[in-house]
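*Asks:* Model the following, please.
(2 chains)
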Amino acid sequence: MTLSSMNPGEIATIVSIHTDESLHQRLLAMGFRVGKHIELIRKARFSGPLQVRIGTTDILLRKAEAEKIMVQV
Amino acid sequence: MKSIALLGMPNTGKSTLFNRLTGSTSRVGNWPGITVELLSGKILLGNDMVEIIDLPGIYDMHGFSEDEQVVRHFLHDNVPDLALIVLNATQIERQLSLLLQLKQFNLNMIVLLNMADEAKKLGITIDAAKMSAALGMPIFLLSAKYGNGYPEALQAITKALRYSTPGMPETVRSQLEQDEHIEREMSRVLQQSVQIPVHLSDNLTTRLDQVMLHPWLGLPIFFGIMYLLFQAIFFFGQPLQVGVSELFGWLRETTIAPLLGSLPAALQGLLLDGVYNGIATVAAFVPLIVLFFLFMAIVEDTGYLSRAAFLMDALMARMGLDGRSFVMLLMGFGCNVPALMGTRVMRSRSLRLLSMLVIPFSLCSARLQVFVFISAALFSPKAAPLVLFSLYLFSFASAILTALLFKRYYPNNEPFVLELPPYRFPTLRQMVMRGWHEVYQFLHRASKFIVAGVVLVWLLTNLPPSAVPASADTWAGMLGAWLHPVFAPIGITPDLTIALIFGFVAKEIVIGSLAVIYGMSGQALSGALALQLDWVQAYSFMLFTLIYTPCLSTIATLRNESKSIGFMWFSIVWSLALAWLLSFLFYQGARALGY
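*Replies:* I've put the predicted structure just below:
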């Protein structure tokens, strides 16, 4: 499933990241790596951005970007 | 002169450290190899003057964002004698990657683990000595905000500068393949020297966010905070603004005017009503800008700005903007100038430009003065508030329309991936530094432009010397008559056209200019306007005033912030065109309906 279809409070493992290279680099630097645990903290109203936690860092990203990240609960 | 570069990820307190190092001596400057300006400052270290350069915060030395390229090009063309690597100790497990990337460049460097106080509170213990041994470079724990550990670090920096730099390898890009190696080394160092609790304790940030980002309460709280901020800025700002203009008026009457008394009348007018009024116009913005950035520093440094982006993003994304643009748009309802300057928090240039195109449509407090006066003169006490409210609606509608029309020309290709920092208390020092810095920038860059504009309008409305100032015989009057075919279809008379020319300088002087044009003021002016205009004309005039260029200071700021004269002209022309079109539709529509 994709990161965007997770529910708040769920923890999953990143399986793969399907983005262009520049976004991939950016996500890597923020801690998005295959095999890492990722927690969905909350989603904004009206299909707004998602707040996720990887390790000690909280990150906001839009739904469009979250759809490119595959996870496994 | 030896140079020190400050390097690190965003949100590491790098700028706080920079301010602590350089005090208030910093300036913005250009550097070889890069097109953006960087902040730098010169300080005395040991016996030598040293230049410190604050590089943009980056996540990755091998990344492709604008900032990452700037840093690489800067390092390539300006190898510093020492690099200070600032890392956030609370996120050490993530930030170590940047350090290891930099290590491979063979730079002379010192590592500063900032926010040591916060790391301690989270239960993260870092053994600086062990880590230093593992990495083979000097490492210091410090808190740039409170100054703990700062003297030791400064001493080490002074010492490190005595040795020369081995030089910068040309093949920065070839390091890309090393990323895997970096990952392995990261885990080795972390295992040896860092302990992080498995689950971070349920801290203040988490609990605050449960309320501030609540699905239903989040937005009302956001609007409440914005409203309070807005009220606070104008509660404190307006008396200060009035005070400054009274001070300038008093100086003029008691000192400047008598000093110039012996000069010919025309030259006196030019100096007093042109140059001196121009300087007074610039000065009147100073208290507002200081206050605005004092409060913006709170919003930004506490971490709330990122939360606002989270809350408003869903709506703003459809307009090609993001949540931060909305905060600035709202702030523009106070004054457009600091709101435009505030767009600097956005890294993507096209997002910034689109936000800057939209902000001038915010009905600022200066325009409000005009509308209050005219709606009181032309409308019944019952209708006047509705008229004002409708103008606010037009203000929002113009902003939304502009964003929707132009979003495809300013495609925001920067993905929206933001870090959400924990809530922090900004220090007074941080806030004051920010306010001072912004005022300095404004005075430094906008003042000449604004004074020149005020002088130009004075010349237009006072020449030729034979004409009565602001009358139909002046150049402005002739311009008004010449423009009459353009303004007649929207119901604006040549007299009012002269007022619009004045309004180009500042909306604060529109009513004053009407007083000069009609030769009367206050109640008498209201009466004269009510006799000369009907409500359709008056509303059309207000609509035009609302939408066309807010003021010279806004134009000067647009030019400085966008660094593009073309963009400035585009903003001016588009707002004039939209103002004319909406006034035309309104005026002709109302007339067609028989009003």
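
*Asks:* if I look at residue B:357, how far off is residue B:350?
*Replies:* 11 Å (C-beta to C-beta, to the nearest Å). For glycine as for every other residue, the C-beta is placed from the backbone atoms N, C-alpha and C.

*Asks:* Just the element for residue B:6, please.
*Replies:* Here residue B:6 is covered by strand B:2-8, with elements defined by DSSP states H and E.

*Asks:* For the residue of chain A most remote from its centre, what are phi and psi?
*Replies:* For chain A, the largest distance from the centre (C-alpha atoms, centre = their mean) belongs to residue A:46, which lies 18.1 Å off. Per-residue torsions, residue A:46: phi 50, psi 50 (degrees, to the nearest 10).

*Asks:* ranges for the strands of the stretch 51-200 of chain B?
*Replies:* Counting by DSSP state E, counting those that start in this stretch, the stretch 51-200 of chain B has strands at residues B:82-88, B:109-114, B:125-126, B:139-141, B:194-195.

*Asks:* Could you name the helices and strands sitting against the helix or strand bottoming out on mean pLDDT in chain A?
*Replies:* In chain A, the helix or strand scored least confidently by mean pLDDT, DSSP states H and E is helix A:21-30, which has a mean of 78. If contacts are counted by 3 or more C-beta pairs under 8 Å, 6 or more residues apart in numbering or on different chains; DSSP states H and E, helix A:21-30 sits against helix B:92-103, strand B:417-419.

*Asks:* Tabulate these (JSON lines), appending mean neighbour count.
*Replies:* Converted to JSON lines, those look like this (neighbours: other C-beta atoms under 10 Å in any protein chain shown):
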{"stretch": "helix B:92-103", "mean neighbour count": "22"}
{"stretch": "strand B:417-419", "mean neighbour count": "20"}
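
*Asks:* Downstream of the strand holding residue B:6, the next helix or strand is which one?
*Replies:* helix B:14-22.

*Asks:* Can you check what angle separates that following helix from strand B:82-88?
*Replies:* 130 degrees (axes from the mean of the first three to the mean of the last three C-alpha atoms, to 10 degrees).

*Asks:* Does chain A have contacts with helix B:14-22?
*Replies:* No - figure legend: helix B:14-22 not in contact with chain A (C-beta under 8 Å from any C-beta of the partner chain); closest approach 15.8 Å.

*Asks:* any idea how far the residue farthest from the centre of chain A is from residue B:143?
*Replies:* From residue A:46 to residue B:143 the distance is 40 Å (C-beta to C-beta).

*Asks:* all helices for chain A, in order.
*Replies:* Here chain A has its helices, by DSSP state H, at A:21-30, A:63-66.

*Asks:* what's the closest of the ones you listed to residue B:278?
*Replies:* Nearest of those to residue B:278, taken as C-beta to C-beta: helix A:21-30 at 45.4 Å.

*Asks:* what residues does that closest one touch?
*Replies:* A:17, A:19, A:54, A:57, A:59, A:65, A:68-69, B:9, B:59-60, B:62-65, B:94, B:97-98, B:415, B:417, B:419 (C-beta atoms under 8 Å, 6 or more residues apart in numbering or on different chains).

*Asks:* are any of the residues you listed buried, and which?
*Replies:* A:17, A:19, A:54, A:57, A:59, A:65, A:68-69, B:9, B:59-60, B:62-63, B:65, B:94, B:97-98, B:415, B:417, B:419 (16 or more other C-beta atoms under 10 Å in any protein chain shown).

*Asks:* Check which helix or strand residue B:511 maps to.
*Replies:* Per DSSP H and E: helix B:510-518 holds residue B:511.

*Asks:* Which helix or strand lies directly C-terminal to that helix?
*Replies:* Taking DSSP H and E, what comes next after helix B:510-518 is helix B:522-532.

*Asks:* Any stretches of chain A with poor pLDDT?
*Replies:* Scanning chain A for pLDDT under 70 picks out no residues.

*Asks:* just to revisit the earlier point, list the buried residues of the helix holding residue B:511.
*Replies:* So helix B:510-518, judged by 16+ other C-beta under 10 Å, has buried residues B:510-511, B:513-518.

*Asks:* confidence score at residue B:235?
*Replies:* On the pLDDT scale, residue B:235 is placed at 81.

*Asks:* Return the residues of chain A in contact with chain B.
*Replies:* Residues of chain A lying near chain B (C-beta under 8 Å from any C-beta): A:21-23, A:25-31, A:41-42, A:44-49, A:51, A:55-62, A:65.

*Asks:* and these, which are buried?
*Replies:* Looks like those have A:23, A:25-31, A:41-42, A:44, A:48-49, A:51, A:56-62, A:65 buried, using 16+ other C-beta under 10 Å.

*Asks:* any idea how far residue B:491 is from residue B:585?
*Replies:* From residue B:585 to residue B:491 the distance is 12 Å (C-beta to C-beta).

*Asks:* Contact partners for the nearest residue to residue A:13 once chain neighbours are set aside?
*Replies:* Of all residues not flanking residue A:13 in the chain, residue A:72 sits nearest, at 5.2 Å (C-beta to C-beta, 6 or more residues apart in numbering or on different chains). Neighbouring residues of residue A:72 by C-beta under 8 Å, 6+ apart: A:1, A:12-13, A:15.

*Asks:* PyMOL command for the buried members of these?
*Replies:* Here is the PyMOL command that picks out the buried ones among those, judged by 16+ other C-beta under 10 Å:
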select buried, chain A and resi 12
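
*Asks:* quick one: which of the contacts of residue A:72 is nearest to residue B:443?
*Replies:* The closest of these, once distances to residue B:443 are taken by C-beta to C-beta, is residue A:12, at 52.4 Å.

*Asks:* Distance of the closest residue to that closest one other than its chain neighbours relative to residue B:356?
*Replies:* Nearest non-adjacent residue to residue A:12, counting by C-beta to C-beta, 6+ apart: residue A:71, 3.9 Å away. Using C-beta to C-beta, one gets 38 Å for the distance from residue A:71 to residue B:356.

*Asks:* and if you look at residue A:40?
*Replies:* Counting by C-beta to C-beta, the gap from residue A:40 to residue B:356 is 34 Å.

*Asks:* the more surrounded of the two?
*Replies:* residue B:356 (26 against 21; other C-beta atoms under 10 Å in any protein chain shown).

*Asks:* Next, that one: phi, psi?
*Replies:* phi -70, psi -30.

*Asks:* My read is that it contacts residue B:561, right?
*Replies:* Yes - counting by C-beta atoms under 8 Å, residue B:356 does reach residue B:561; the two are 6.3 Å apart.

*Asks:* any common contacting residues for these two?
*Replies:* What both residue B:356 and residue B:561 touch, as defined by C-beta under 8 Å, 6+ apart, is the set B:340, B:343.

*Asks:* Which residues of chain B lie near chain A?
*Replies:* B:9, B:59-60, B:62-65, B:90-91, B:93-94, B:97-98, B:122, B:196, B:200, B:209, B:213, B:215, B:218-219, B:306, B:309-311, B:313-315, B:317, B:415-422.
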